[in-house]
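Undergrad: generate coordinates for the sequence data below:
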Amino acid sequence: MPGLPRPRVLIVDDYVDATEVWSLYLQSAGFDVDTASDGHEAIARALSGKPDVVVMDLNLPGCSGIEVAKVLLADASVQHIPLIAATGCADRRELDEARRFFRLVVAKPCDPADLVVQIRRLLESPE
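TA: The predicted structure follows:
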C-alpha cells in the first residue's frame, strides 16, 4: 500500500551550503525537495513542478525574490502556493515589501527544525 504523497518544497537560494542543509533536513522530515539557484530558475521550477511551498531568498541573481513572488502570484496555476521569504536582509523597507508578497518572512540563518514547523503550519492552514 503506497503512503501518502510527500509535500513538495522548492528551495531557492544562490548560497549552495544553505540549499544543501535545508534540502537534507527537509527530506529527512518527510518532504520532497527541489532547488533553484536564481530567480529565473525559480520561476521555471515553480511553474513546471507546482510545489506545495516555496522557500526563497530575497537577494537572488537574475531577478529578486520579490520579483519572483510577483510573477508567481500573477499566475493562476501557482498563485495559491505559500511563499516563504528567508532573508538576512535588515532593511525595514525591503522587509515590509516582502511581507506584501510572502505569507511568511523568516530571518537567515534559519534553524531547519523551525523551518519545518513553519512549512507544516502553512500547509495545514487554508490561508
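Undergrad: could I get the full set of helices for this protein?
TA: Counting by DSSP state H, the chain has helices at residues 16-28, 39-49, 65-73, 92-101, 112-124.
Undergrad: residue ranges with poor pLDDT in the protein?
TA: 1-3, 126-127 (pLDDT under 70).
Undergrad: okay, and the beta partners of residue 84?
TA: Counting by DSSP bridges, residue 84 forms beta bridges with residue 55, residue 104.
Undergrad: right, and it touches residue 110 too?
TA: No: Residue 84 is beyond contact range of residue 110, at 9.3 Å (criterion: Cβ atoms under 8 Å). Using the backbone N, CA and C atoms, a C-beta is placed for each residue, glycine as well.
Undergrad: next, the contact list for residue 71, please.
TA: Shown in contact with residue 71 (Cβ atoms under 8 Å, 6 or more residues apart in numbering): residue 43.
Undergrad: any idea how far residue 125 is from it?
TA: 24 Å (Cβ to Cβ, to the nearest Å).
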